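Visitor: Mind looking at a prediction? Sequence and model below.
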Amino acid sequence: MNNSEFIKGSVGEINNLLSSLMTRKQSILDDAYSKGDEDKCNPLDTSYARYLEMMGRMRKPVSCPRIVYQGEPGAYSEAAARSFFGRDVNAKGLLRFEDTFLALASGEADYAVLPIENSSTGAIRQVYDLLESYSYFFVGETTVRIDHALMALPGVSMDQIREVYSHEQGLFQCEKFLAQHPEWKTFTHPDTAGSARMVAELKDPCKAAICSPLAADIYGLDILLEKVNTNSSNTTRFVVVSPFPELRQNRDKICISLTTGHRSGALRNILTVFSVNGINLQRLESRPIPEHNWEYMFFIEFTGDLESRAMDAVIHELCLMSDDLRVLGNFKNNL
């Protein structure tokens, strides 16, 4: 293929993208106006108005913040909180993921630090679902290297173990190691560090826990074997969740959630917006919509700054293309 043919093909592809975008835009408008309901004639009303309202109530980062995370002291979530806010942060562990959202809702805490994705096992579905239920925001992110260890009471050997406890994610991330010991029964626990605490309190030599080496120090357990996770570069991404939107310095990543109807090319048209505007799409995740079988909500992360005029036009475009859209946050990429 010579240069002229290559250029001709590239221009043709761009024209096709633009044509698809404009056709879809017009079809949505035609459909909305054909309903004859003035209150529903503009598909931008709800999503874009929500976005403008969010931009109008940005708060500054809280000084001396109160942080909550899911788990016991020694949990990886505690390490993530210290990584983002500093070693001397005022952080408190709670039993369930939803407990952290309730703490934000009651004003007991300013931020929650929660796992959102693991490099071995993928998305943490409960956190995505809670984000939509509470309509809260991302204001930051950090990552923590996950090195699981098998631990038990002092003096216990591996041949004495009959039961192993950990968070479900911890067990998933160590499946290959656990498969080598079919004689062990595995049990889920609300938290990795909490499983270490339980083993220490029960004083049963048949029980062991999989969690961080730090938890062994905190709860007085012996590490029987280190690095039992399948993926040697196992890493978890954590997000900082706030009940209020913020725009912190050096922000360069935007996260949105949106839904589309069962229409031919609906998702393709959404992705076309990023392509036409030269925006780097960094992540696309889908979650089922409760009470709507076989319908899905999409979580999309991409590069950008909400305060740029060009990005406002992109959000405007995406609102037009989707049935419902919510901006979840704009923060610094720490991956």
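Guide: Arrived safely. Treat the numbers as computed from the prediction; the structure is a model and nothing was measured.
Visitor: The stretch 51-200 of the chain: helices as residue ranges?
Guide: If DSSP state H, counting those that start in this stretch is used as the criterion, the helices of the stretch 51-200 of the chain fall at 76-85, 97-106, 125-134, 168-173, 175-179, 192-202.
Visitor: what's the angle between the second one and helix 125-134?
Guide: Calculated by axes from the mean of the first three to the mean of the last three Cα atoms, to 10 degrees, helix 97-106 forms an angle of 30 degrees with helix 125-134.
Visitor: try the first one
Guide: Calculated by the same axes, to 10 degrees, helix 76-85 forms an angle of 60 degrees with helix 125-134.
Visitor: So in terms of bridging, what pairs with L247?
Guide: Beta-bridge partners for L247, by DSSP bridges, are N330.
Visitor: for it, what are its contacts?
Guide: Counting by Cβ atoms under 8 Å, 6 or more residues apart in numbering, L247 touches M58, L306, E307, N330. Backbone N, C-alpha and C define where each C-beta goes, glycine included.
Visitor: What is the nearest of those residues to L153?
Guide: Of all the contacts of L247, L153 sits closest to N330, with 47.6 Å by Cβ to Cβ.
Visitor: Report the central residue of the chain.
Guide: In the chain, the centroid-proximal residue (Cα atoms, centre = their mean) is I116; its distance is 3.2 Å.
Visitor: Any figure for the gap between the residue lying closest to that one once chain neighbours are set aside and A80?
Guide: Distances taken as Cβ to Cβ, 6 or more residues apart in numbering put V239 closest to I116, at 4.7 Å, once the chain neighbours are dropped. V239 is 9 Å from A80, where distance means Cβ to Cβ, to the nearest Å.
Visitor: per-residue pLDDT, D191?
Guide: Here the pLDDT value assigned to D191 is 88.
Visitor: What is the burial count for Q126?
Guide: Other residues within reach of Q126, judged by other Cβ atoms under 10 Å, total 14.
Visitor: contacting residues for it?
Guide: Contact analysis of Q126 by Cβ under 8 Å, 6+ apart lists F97.
Visitor: hang on, the earlier thing: there's contact between the residue nearest to I116 and F138 in this structure, I believe.
Guide: Yes - the pair V239 / F138 is scored as a contact, 5.0 Å apart, by Cβ atoms under 8 Å.
Visitor: Which of the helices or strands spans V240?
Guide: Per DSSP states H and E, V240 falls inside strand 235-242.
Visitor: what's that strand packed up against?
Guide: helix 76-85, helix 97-106, strand 111-118, strand 137-145 (3 or more Cβ pairs under 8 Å, 6 or more residues apart in numbering; DSSP states H and E).
Visitor: how much does it deviate in direction from helix 97-106?
Guide: Going by the same axes, to 10 degrees, strand 235-242 makes 30 degrees with helix 97-106.
Visitor: Single out the most deeply packed of the helices and strands packed on strand 235-242.
Guide: With neighbours taken as mean count of other Cβ atoms under 10 Å, the helices and strands packed on strand 235-242 reach their highest mean count in strand 111-118, at a mean of 24.
Visitor: name the helices or strands packed onto it?
Guide: strand 66-70, helix 76-85, helix 97-106, helix 125-134, strand 137-145, helix 168-173, strand 235-242.
Visitor: tally of neighbours for G107?
Guide: So G107, with other Cβ under 10 Å, has 9 neighbours.
Visitor: ok, it - contacts?
Guide: If you count contacts by Cβ under 8 Å, 6+ apart, then G107 has nothing around it.
Visitor: What confidence value was assigned to it?
Guide: G107 carries a pLDDT value of 96.
Visitor: Quick check: it vs I67, distance?
Guide: For G107 relative to I67 (Cβ to Cβ), the value is 14 Å.
Visitor: same deal with E141?
Guide: 14 Å.
Visitor: Please apply the same query to L95.
Guide: Counting by Cβ to Cβ, the gap from L95 to I67 is 16 Å.
Visitor: Looking at these two, which has the bigger crowd around it?
Guide: Neighbour count, other Cβ under 10 Å: between L95 and I67, I67 has more, with 25 against 13.
Visitor: With adjacent residues omitted, what lies nearest to H262?
Guide: Closest residue to H262 apart from its sequence neighbours, by Cβ to Cβ, 6+ apart: E295 at 7.4 Å.
Visitor: Enumerate every residue touching R125.
Guide: Applying Cβ under 8 Å, 6+ apart, the residues near R125 are R287.
Visitor: Do you know the pLDDT at it?
Guide: 88.
Visitor: Show me where this structure dips below the pLDDT cut-off.
Guide: The chain contains residues with pLDDT under 70 at 1-45.
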